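> My questions are about this predicted structure, shown below with the sequence.
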Amino acid sequence: MSYYFAIIGTQDNPLFEYEFGTAKQGGDGVARFPEQARHMNQFIVHSSLDIVEEAQWAQGQMYFKCIDRFYNNYVSCFMTGGNVKFLLLHAPSQPAIANTSRASTSIAANPTSPQTEEAIKQFFTEVYENWVKTIMSPFYHVNMEVKSPVFRSRVAAAGKKYL
Amino acid sequence: MSAAKAARQGEEIWKTKIDKVNAELVTLTYGTIVAQLCKDYESDYVEVNKQLDKMGYNIGLRLIEDYLAKSGTMRRCANFKETAEMIAKVGFKIFLNISPTISNWTTDSKQFSLIFDENPLADFVELPDDGRAQEELWFSNIFCGVLRGALEMVQMQVEAHFTSDVLRGQESTEMRVTLIRYIDDEMPVDDE
């Protein structure tokens, strides 16, 4: 399973992006997007913004679960109170699908299973907590790109912990 | 006054006589001041440090009165060591609810360090990554001015500066305080 995580500001401007792979089940935490598809991630994530904006007023939740799909790429969304969007693109690695001998409950194989939704929710919640701390810094301005290495390492830690 | 007694006294005053405000109000207000100074002086951090020190000095000149009123100790400290204890265990305690650790005394007892394990002014803060702020800006420099101003009003001329700061990625936040001299009461010139 490979992940691409992006934070989108209120002007639909990217604030932060981070690519990682699963650390569960012996994963090494390295993203394995096919080379010819990797640069598409940004487009896929941004193209789901329309759906996010449609969904955002429909429910009182911050976590929208999996809201969009593009072939084998699933996009989950979390929206902060300040209208900043956390978007997580997750792409199951191909071999996991071929494994039909038994219904696997692992996060890697089922991008829309309740377990996966829950894991992603925990990931988003942890990132959200760190996000709030980061934007409380007096040197941060609204819609400014987040360059903080501390925040990056905390996102990485959350990804490792839950995904 | 012994260190333990000073700590008790600080605790007592903090509990009974002090009006509390939300810590984030303090943190965010101070953070905004520093950020605004950085903007006003176009990231001339040396100048920002100076301004913070000056602001602190003006606070200190008045804050000492408040400190004396609240602590009710109308008695001179016997020596500079006691002064240090009172600053750390009572002064910082009643105004910020922190007690920095005193260490690294020089043998002549004129110089010590305050180690800040926690610093309410610097919560959430990350210094700008323009390559200079990490080297030049002392974010909490207002403390130096406060000590300088307050001690000047009780006849002590001191020099205070930060030597390290966790915000810069260093291990601890340390301020060095040096006693320059006790100011004698001087007669004005030409006073009959």
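Happy to help now that I have it. All values derive from a computational prediction rather than experimental measurement.
> what about the closest residue to residue B:164 other than its chain neighbours, is that helix, strand or coil?
Distances taken as C-beta to C-beta, 6 or more residues apart in numbering or on different chains put residue B:170 closest to residue B:164, at 4.1 Å, once the chain neighbours are dropped. Placement of C-beta: from N, CA and C, glycine included. Of the three states, residue B:170 takes coil under DSSP: H, G, I helix; E, B strand; the rest coil.
> Run through chain B and note the low-pLDDT ranges.
B:1, B:191-192 (pLDDT under 70).
> so how far is residue A:4 from residue A:22?
13 Å (C-beta to C-beta, to the nearest Å).
> Okay, helices next: where are they in the chain?
You didn't pick a chain, so chain A it is. A:35-38, A:41-47, A:49-55, A:94-98, A:114-135, A:149-162 (DSSP state H).
> ah, no, chain B please
B:3-16, B:23-40, B:45-71, B:80-85, B:92-96, B:133-136, B:142-153.
> For residue A:90, give its distance to chain B.
Going from residue A:90 to chain B by C-beta to the nearest C-beta, to the nearest Å gives 29 Å.
> which residues touch that residue?
Applying C-beta atoms under 8 Å, 6 or more residues apart in numbering or on different chains, we find residue A:90 in contact with A:1, A:2, A:3, A:73, A:74, A:75, A:76, A:111, A:116, A:120, A:163.
> Of those residues, which belong to strands?
A:2, A:3, A:73, A:74, A:75, A:76 (DSSP state E).
> which of the residues you listed are buried?
A:2, A:3, A:73, A:74, A:75, A:76 (16 or more other C-beta atoms under 10 Å in any protein chain shown).
> OK, contacts around the residue nearest to the first one when sequence neighbours are not counted?
What that stands for is residue A:2. Once flanking residues are discounted, residue A:2 sits nearest to residue A:31: 4.2 Å by C-beta to C-beta, 6+ apart. Contacts were defined as C-beta under 8 Å, 6+ apart; by that measure residue A:31 touches A:2, A:3, A:4, A:19, A:20, A:21.
> next one: phi and psi at residue A:31?
Note on residue A:31: backbone dihedrals following degrees, to the nearest 10 are phi -70, psi 140.
> what's the pLDDT at residue A:107?
Here the pLDDT value assigned to residue A:107 is 63.
> Of the contacts of residue A:31, which is the nearest to chain B?
Closest approach to chain B among the contacts of residue A:31 (C-beta to the nearest C-beta): residue A:19, at 21.2 Å.
> For the closest one, which residues are in contact?
Counting by C-beta under 8 Å, 6+ apart, residue A:19 touches A:2, A:3, A:4, A:5, A:31, A:33, A:41.
> can I assume residue B:136 is in contact with residue B:47?
No - look at residue B:136 against residue B:47 with C-beta atoms under 8 Å: they stay out of range, at 9.8 Å.
> Looking at chain A, which residue is nearest chain B?
For chain A, C-beta to the nearest C-beta, closest residue to chain B: residue A:138, 2.9 Å.
> neighbours of that residue, just the number please.
23 (other C-beta atoms under 10 Å in any protein chain shown).
> give me phi/psi at it?
When read as degrees, to the nearest 10, the backbone of residue A:138 gives phi -60, psi -20.
> Tell me how many other residues surround the residue lying closest to residue B:138 once chain neighbours are set aside.
The spatially closest residue to residue B:138, leaving aside those adjacent along the chain, is residue B:162, at 4.5 Å (C-beta to C-beta, 6+ apart). Residue B:162: 20 surrounding residues under other C-beta under 10 Å.
> Residues in a beta bridge with residue A:5, which ones?
According to DSSP bridges, the residues that bridge with residue A:5 are residue A:18, residue A:88.
> In terms of pLDDT, where does it sit?
Taking residue A:5 on its own, its pLDDT is 93.
> For chain A, what is the nearest residue in chain B?
residue B:31 (2.9 Å).
> how about the residues of chain B near chain A?
Residues of chain B found near chain A (C-beta under 8 Å from any C-beta of the partner chain) are B:24, B:27-28, B:31-32, B:34-35, B:38, B:123-129.
> Between the two ends of stretch B:171-188, what distance do you get?
47 Å (C-alpha to C-alpha, to the nearest Å).
> buried sites along that stretch?
Those would be B:173, B:174, B:175, B:176, B:177, B:179, for stretch B:171-188 by 16+ other C-beta under 10 Å.
> can you pull the contacts of the closest residue to the first one other than its chain neighbours?
Spatial nearest neighbour of residue B:173, chain neighbours left out: residue B:116 (4.1 Å); criterion: C-beta to C-beta, 6+ apart. If you count contacts by C-beta under 8 Å, 6+ apart, residue B:116 has them with B:98, B:100, B:140, B:172, B:173, B:174, B:175.
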